[in-house]
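In: prediction below, plus the sequence it came from.
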Amino acid sequence: MRALIAFLAAIFLLGASDPILVPEISQHEVQVRQGFRGTELLLFGAILTPEGTRAGQDYDIVVVLKGPTRSIVLREKQRIAGIWVNADSVEFRSAPTYFAVASSRPIKKIVDDKTAAIYELGLPWLQLSPIGSYDPKVQSRMSAGLIDLLGREGLYSENPRGVTVSKQVLYQARLALPSSVQTGTYTAETFAIRGGKVVASAISRVEVRKTGLELAVAQFARNHGFFYGLLAVALSVLMGFLAGRLFALV
């Protein structure tokens, strides 16, 4: 019994020595208005002991900002007899609409592939969850294509030197949200890593909301889809008529 108590006490003391992350974000709400051109989020915080003092050890910090997930169907185009047609397609069940990773060093120098995959610490380890059974080569090619496509739109990114750690206690990272960012709840998860193991993590959240005219149009389209469609068609016809009259006068 004494040996068991001593063992449990040792585990408790070992766990108590792990650091605590105190994260914060420059803004917890991003308002998408007409003319929104994107914004930049500052994710910062401190690495402390359970007693609230400076940790005093070297830790690597990885910050992962993930947007709401959605189902995405990706189709591959092939040119047959001079005509581009749909070829292979893959449907991903839970692809993040936004995914950005910043770290104090390249991920491969911080953790092994298994740990990186468990915590999704980079684009190569992003779990896209395809629906159905696909040939592994096709699945890998389509996953890489989706990541490349969203990366060129600024929605997926990875910065291996994007986190700075000051005096072994303060860290900060800057992540850009493009103008095409989707609304919803974004999760910012920070990991403290030492010796290839995640020893602490913390989560913060950011709400991206539409406001003003953007919000009014979105609500009207959602609540009155039929009338929104009629209005869109009428507006298109009117614009076409006006453009025709203008060119006739010229």
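Out: Okay, I see it.
In: measure Ile61 to Ala100 for me?
Out: As judged by C-beta to C-beta, to the nearest Å, Ile61 and Ala100 stand 14 Å apart. All C-beta atoms are positioned from the backbone trio N, CA, C, and that covers glycine.
In: hang on, I meant Gln168
Out: 25 Å.
In: neighbour-wise, which of the two wins?
Out: When Gln168 and Ala100 are compared on other C-beta atoms under 10 Å, the one with more neighbours turns out to be Ala100, at 26 against 14.
In: the helix or strand that one falls within: what's the following helix or strand?
Out: In this structure, Ala100 sits in strand 99-103 according to DSSP states H and E. Beyond strand 99-103 in the direction of the C-terminus, DSSP H and E gives the next helix or strand as helix 113-119.
In: can you pull out the strands in the protein?
Out: If you assign secondary structure with DSSP state E, the strands in the chain sit at 20-25, 29-32, 39-48, 60-66, 69-80, 83-96, 99-103, 156-159, 163-166, 170-177, 184-194, 197-210.
In: which one of the ones you listed lies closest to Gln127?
Out: Nearest to Gln127 among the strands of the chain is strand 83-96 (7.8 Å), distances taken as C-beta to C-beta.
In: list the buried ones in that closest one?
Out: Neighbour-count burial for strand 83-96 flags Asp88, Val90, Glu91, Phe92, Ala95, Pro96 (criterion: 16 or more other C-beta atoms under 10 Å).
In: what about the residue found closest to Ile20 once you drop the neighbours it is linked to in the chain, how many neighbours?
Out: Using C-beta to C-beta, 6 or more residues apart in numbering and skipping the chain neighbours, the partner closest in space to Ile20 is Leu48 (5.0 Å). A count of neighbours around Leu48, defined by other C-beta under 10 Å, yields 17.
In: Leu48 reaches Gln168, doesn't it?
Out: No - in this structure Leu48 lies outside contact range of Gln168 using C-beta atoms under 8 Å: 10.7 Å.
In: low pLDDT regions in the chain?
Out: Across the chain, residues meeting the criterion (pLDDT under 70) sit at 1-17, 51-56, 81-82, 84-87, 212-232, 234-235, 237-238, 240-250.
In: tell me the domain ranges of it?
Out: Using automatic domain parsing, the domain ranges for the chain come out as 17-210, 212-242.
In: so of the ones you listed, which one's packed in deepest?
Out: Ranked by average neighbour count under the criterion mean count of other C-beta atoms under 10 Å, these are headed by domain 17-210 at a mean of 16.
In: centre of the chain to it, how far?
Out: With C-alpha atoms, centre = their mean, to the nearest Å as the basis, domain 17-210 stands 4 Å off its chain's centre.
In: run through the bridge partners of Tyr171.
Out: Gly45, Val165 (DSSP bridges).
In: picking that back up, relative to Ile131, which of the strands of the chain is closest?
Out: strand 83-96 (4.6 Å).
In: counting by contacts, list what that closest one packs against.
Out: Helices and strands in packing contact with strand 83-96 are listed as strand 69-80, helix 136-152; criterion 3 or more C-beta pairs under 8 Å, 6 or more residues apart in numbering; DSSP states H and E.
In: alright, I will stop here.
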